[in-house]
Each structure stands twice: as structure tokens, then as C-alpha cells.
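Peer 1: When you get a sec, could you give me coordinates for this:
(one chain, ligands or ions: 1)
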Amino acid sequence: MRVETVKWVNGKIRLIDQTLLPHSLKYLYCSDIKTLWDAIYTLRVRGAPAIGIAAGFGAVLAAKLSKARTYAQFKKDVIKEIRYLKSSRPTAINLFWALERMEKVLDLQKKKPVERIKKALLAEANRILKEDRVMCRKMGSFGSDLVKNNDRILTLCNAGALATSDYGTALGVVYTAKAKGKNIKVYACETRPLLQGARLTMWELLKNKIDATLICDSMAATLMRQKMVDKVFVGTDRIASNGDAANKIGTYNLAVLAKYHRIPFYVVAPSSSFDLRLKCGGDIPIEERRGDEVREVFGKKIAPINAKVYNPAFDVTPNDLITAIVTEKGIFRKPYIKSLRKLKG
Ligand code: MRU
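Peer 2: The predicted structure follows:
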């Protein structure tokens, strides 16, 4: 099943509205930057690579909406919106990586007429999308070599087609392994508070005819103890130079459990998810979200309205709990501080 999570269509950004899944597959068209900012913040578009791709098209939209005739004014208009988009979500480095690429195009093309720069920006945003597609395929290919026939894989959140421009990172490994003829079973953690596992991963896996079973996050330890899990595969929003990886809240729990039960724990990430400027996971900004996301489940109140809430959207898995990191350039192992240097080239 081919899913087009983000696309530039007739001068607008077309997104699958992921807040409506799994019950309704509808597109949201963004023709102004505020709508895109809201779509990123409210997780209508989510998943690190998809956020980066959407933001790249955001810079294209900002350029399209600018009425400026001089380069100086044009650049000012576009940079203002790029800064605004950067404020939408702090953790996924892909957002900043993609927008920095767009800024570079603005600088490199400064001698060209504004209309030409607009075209160059669109070409760059489409390149970001296409490169992501290629990276998904390569990660899938490397990662699927780690998977044996009849493996039972545990995953969290959604690191699939809905989070990328192709078939995902962690789920890309599952799809490739299946395409290679391996029989795979997946356990998807529901992923409280926003249920990306229950809503999105289950939707995707069922559409792709993968043998998938939904569990509550709190059931993972029991599955591992009952020897029902062979490997854990997850995505990431940002990896520091020592291999510490930020991902959806609950990932760290799974890594600790996997270590205790001697189950391999793999992180799958394109090079756009690495932030080699950061020394360690403690430097990764972790998004904290509204308390209502925990007090409620999709609008239905489940806790006293005055309950105090702590709602970090991501956690950091220390590198020593990660068996290997699968990228489009190959599989990296400990010590990451050394092995990840190769990614720079
Ligand atoms: O809050 P979300 O849904 O954007 O969080 C997404 C994740 O945590 C994914 O695992 C991560 O972005 C990797 S997606 C290939």
C-alpha cells in the first residue's frame, strides 16, 4: 500500500491528517504558514522525517506568498517564516535540518531573480522528499538482514510510512523483511498519550497485511518475560554523537526491559536524524506538551480536570542500551562515539 504522507500539490502542501486515522483518511491542504505550524504542533503531520519534509515545503510556501521584488526583502520574508516553523516542535532534528537546507538555497541563489529562487526552493524541498524515500529503502535493506524468519518484533509509536515519505524506518525493516519472504509478527505498543501505535502503526500494518497485535504499553515486560519478543525496532527523533537517541516517550522503558531480558534493541534512523554537534542525549531538547493530552483521551476526560500532569513527549535511550543503529549508510555498533564519525562524510 502506497501512502503519500506529504506532497506539494497545485501550490499547496497536502498532508494526510493523521489525527483522523485510523477511522478516516483525509487530506489537509496548507496554503498559509500558520495552518502548517498548527498541523505540525497538533501532530496532523508527525514523525521526524515527515516533519522535516513538510517544513521544507513550508519554506516553499513562504516564498510563494512573499510579494517581495528585491532579494533582501524576499529573504527577510522567507527567513521570518522559517524561524516561525522552527518553533513548532523542538525535538526532531529533521525539522531544523530541512529548514537549514532551504536557507542554504536562499543564500546560494542570491544573485538570481526572485522567481528563479522560488523554483530552486521547490526543487530542494522535492529533493529532501526523494532522498528520504531512498534512505527508507536502504535502511529497510540493511535492517532486514538483522531479522530472522519467524521473528516477533516489538515496536513503539509510528516509525512507518506515515512518519516518512516512503515506508518508514523501523517499519521499513519489517516491510523489507516480509518482501524478502520472511515471516514476521509485530507487537505494536499503543503509545500513550496520543496513541500513535494504536491508531497509526496498527492501521499501516493491517493495510500492509502484516501479522500485527496491539498491546498496552504496560504489557511489554510481560511479553518479554513470556519469550514472545525476539527483537525491538524503534525510530528516533534525534541521535547525539555518542549514540544516545531521543524517541517517543516509553522507548527508554523498552530499552531497559530489552537489556534485562537479553533482547536486541535496534534504532533505525536516516542520517537526517543525527545531530553530531551534540555530545550526548542530555543536550537534546525534549518537548513538553499540554497536560490535557494526559488528562484526556481524544477529548474524553479520564482524570480530574485539575490533576497535575507531567507530559514529556520524548525520552532519551542511553547508547549502552542500543544493540545497533541502522542507517542508510549501514549498521553502526558500539562504541558509537567512534563508529558514528563515519556518518559525517
Ligand atoms: O510525536 P511524534 O508522533 O512525532 O513522535 C514520532 C516518533 O517518536 C517516531 O518514532 C520518530 O519520529 C521516528 S519516525 C521515523
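Peer 1: CA atoms for contacts and neighbours, from now on please.
Peer 2: Noted.
Peer 1: Do a quick rundown of the helices in the stretch 201-345 of the chain.
Peer 2: Using DSSP state H, counting those that start in this stretch, the helices of the stretch 201-345 of the chain run over 202-207, 220-225, 251-260, 292-295, 336-339.
Peer 1: got JSON lines for those helices, with mean neighbour count and mean pLDDT too?
Peer 2: Formatted as JSON lines, those follow (neighbours: other CA atoms under 10 Å; pLDDT from 0 to 100):
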{"stretch": "helix 202-207", "mean neighbour count": "18", "mean pLDDT": "98"}
{"stretch": "helix 220-225", "mean neighbour count": "16", "mean pLDDT": "98"}
{"stretch": "helix 251-260", "mean neighbour count": "20", "mean pLDDT": "98"}
{"stretch": "helix 292-295", "mean neighbour count": "20", "mean pLDDT": "98"}
{"stretch": "helix 336-339", "mean neighbour count": "16", "mean pLDDT": "97"}
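Peer 1: for the ligand, what are the nearby residues on the stretch 51-200 of the chain?
Peer 2: Proximity of the stretch 51-200 of the chain to the ligand, by CA under 6 Å from any ligand atom, involves residues C157, N158, A159, A163, G168, T169.
Peer 1: The helices of the stretch 201-345 of the chain: which one's closest to the ligand?
Peer 2: When those are ranked by proximity to the ligand, the top entry is helix 251-260, at 8.5 Å, counting by CA to the nearest ligand atom.
Peer 1: In JSON lines: the helices of the stretch 201-345 of the chain, plus distance to I33.
Peer 2: Listed next are the helices of the stretch 201-345 of the chain as JSON lines, based on distance: least, CA to CA, whole Å:
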{"stretch": "helix 202-207", "distance to I33": "28"}
{"stretch": "helix 220-225", "distance to I33": "40"}
{"stretch": "helix 251-260", "distance to I33": "32"}
{"stretch": "helix 292-295", "distance to I33": "24"}
{"stretch": "helix 336-339", "distance to I33": "38"}
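Peer 1: thinking again about what came up before, who wins for most neighbours among the residues of the stretch 51-200 of the chain next to the ligand?
Peer 2: Comparing these by number of neighbours (other CA atoms under 10 Å), T169 comes first, having 34 neighbours.
Peer 1: Surely that one and G235 touch.
Peer 2: Yes: applying CA atoms under 8 Å, one finds T169 in contact with G235, separated by 6.1 Å.
Peer 1: Overlap of the contact sets of the two?
Peer 2: Shared contacts of T169 and G235 (CA atoms under 8 Å, 6 or more residues apart in numbering): A159, V268, A269.
Peer 1: Could you list which of those belong to strands?
Peer 2: Judged by DSSP state E, the shared contacts of T169 and G235 include V268 as members of strands.
Peer 1: Among the shared contacts of T169 and G235, which one sits closest to I239?
Peer 2: For those, the residue nearest I239 by CA to CA is A269; the value is 8.5 Å.
Peer 1: hang on, isn't that closest one packed against T236?
Peer 2: Yes: A269 is in contact with T236 according to CA under 8 Å; the separation is 6.3 Å.
Peer 1: Kindly present the helices of the stretch 201-345 of the chain as a markdown table, with separate columns for distance to the ligand.
Peer 2: What follows is the helices of the stretch 201-345 of the chain, written out as a markdown table (distance: least, CA to the nearest ligand atom, whole Å):
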| stretch | distance to the ligand |
| --- | --- |
| helix 202-207 | 13 |
| helix 220-225 | 17 |
| helix 251-260 | 8 |
| helix 292-295 | 12 |
| helix 336-339 | 19 |
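Peer 1: These: which one's closest to I16?
Peer 2: Closest of the helices of the stretch 201-345 of the chain to I16 is helix 202-207, at 13.0 Å (criterion: CA to CA).
Peer 1: and F274, bridged to which residues?
Peer 2: I239 (DSSP bridges).
Peer 1: Use 16 as the first number for this chain going forward.
Peer 2: With the count now opening at 16, the last piece we talked about shows up as F289.
Peer 1: What separation do you get for it and R148?
Peer 2: Using CA to CA, to the nearest Å, F289 is found at 17 Å from R148.
Peer 1: Comparing these two, which residue is more hemmed in?
Peer 2: Neighbour comparison, F289 and R148: the larger count goes to F289, with 25 against 17 (by other CA under 10 Å).
Peer 1: Give me the pLDDT for that one.
Peer 2: Predicted confidence (pLDDT) for F289: 98.
Peer 1: just the residues of the stretch 66-215 of the chain next to the ligand now: which is nearest the ligand?
Peer 2: Looking at those and their distance to the ligand, the nearest is A174, at 3.8 Å (CA to the nearest ligand atom).
Peer 1: I'd assumed G250 was in contact with that closest one.
Peer 2: Yes: using CA under 8 Å, A174 is in contact with G250, at 5.4 Å.
Peer 1: okay, and the common contacts of the two?
Peer 2: Each of T184, A185 lies in contact with both A174 and G250 under the rule CA under 8 Å, 6+ apart.
Peer 1: Contact residues of the stretch 216-360 of the chain facing the ligand?
Peer 2: G250, T251, D252, N262, K263.
Peer 1: Any of the residues you listed buried? List them.
Peer 2: G250, T251, D252, N262, K263 (16 or more other CA atoms under 10 Å).
Peer 1: Now do the contacts for the first one.
Peer 2: Spelled out, it's G250. Going by CA under 8 Å, 6+ apart, G250 touches N173, A174, T184, A185, N262, V282, V283, A284.
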